[in-house]
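A.B. asks: kindly generate the corresponding structure for this input.
(2 chains)
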Amino acid sequence: DAMVIQNPRYQVTQFGKPVTLSCSQTLNHNVMYWYQQKSSQAPKLLFHYYDKDFNNEADTPDNFQSRRPNTSFCFLDIRSPGLGDAAMYLCATSTWDRQRMGETQYFGPGTRLLVL
Amino acid sequence: KNQVEQSPQSLIILEGKNCTLQCNYTVSPFSNLRWYKQDTGRGPVSLTIMTFSENTKSNGRYTATLDADTKQSSLHITASQLSDSASYICVVSANYGGATNKLIFGTGTLLAVQP
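C.D. replies: Predicted structure coming up:
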């Protein structure tokens, strides 16, 4: 019954070695988000897709890229991971809630990235 | 500047006791306010959502309040259980028009329930 699925749950990579994290959803939501969350901090939005439209946050490093080949899948590519990129990466989806005149966001379980 | 502040930063209570977590925000234009529970190593899970016109919302032993005039919210946990140990995050949504909102996250209150 998982709605937002992230794989893998734990990822170990080497300094500078490209890594891809994946997210899939069974909710058919048109918006998908990637957040970075470091220990004891609030999640930080990296970017989001509204359908195929990509929206990058101004302070997201160029090292982070994303792809959304279809409605269900979204990928986070880290081209050259540094030690500071070790964090939990959260994927979320949302749809417009007409009743509440706002979004309802659903988070995946996260992928914890370790950079050696 | 849009901000969400939570207090206390951390809290330890005994199993069976009640507790109240606080959230103050300066977010405009306000769309809605959510409380999320985040277990260690997991993604956040929504507990309650309130829009401008709602001032209380319950979900089992969790009761959230919202005072839109003072821009304050609280989350009250009744008869705490060991499984309530988690980080509780207040998230305020700003809508600038259009179909996506900007979420402003608080840094969370870390709750530990001890036997």
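A.B. asks: the longest strand along chain A close to chain B?
C.D. replies: Residue-count comparison of every strand in chain A, with assignments taken from DSSP state E, identifies strand A:87-97 as the longest. Yes: with C-beta under 8 Å from any C-beta of the partner chain as the measure, strand A:87-97 is seen reaching chain B through A:Met88, A:Leu90, A:Ala92, A:Ser94, A:Trp96. No exception for glycine: its C-beta is placed from N, CA and C like everyone else's.
A.B. asks: next to chain A, which bits of chain B? Give me the list.
C.D. replies: Taking C-beta under 8 Å from any C-beta as the criterion, the contact residues of chain B with chain A come out as B:31-32, B:36, B:41-46, B:49, B:51, B:89, B:93, B:95, B:99-103, B:105-108, B:110.
A.B. asks: circling back: would you convert the residues of strand A:87-97 next to chain B into CSV that also reports pLDDT and neighbour count?
C.D. replies: What follows is these, written out as CSV (pLDDT from 0 to 100; neighbours: other C-beta atoms under 10 Å in any protein chain shown):
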residue, pLDDT, neighbour count
A:Met88, 95, 21
A:Leu90, 95, 26
A:Ala92, 93, 25
A:Ser94, 87, 24
A:Trp96, 68, 16
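A.B. asks: which SSE is the residue most central in space within chain A in?
C.D. replies: Centroid check for chain A by C-alpha atoms, centre = their mean gives A:Trp34 as the closest residue, at 2.5 Å. With secondary structure defined by DSSP states H and E, A:Trp34 is part of strand A:31-37.
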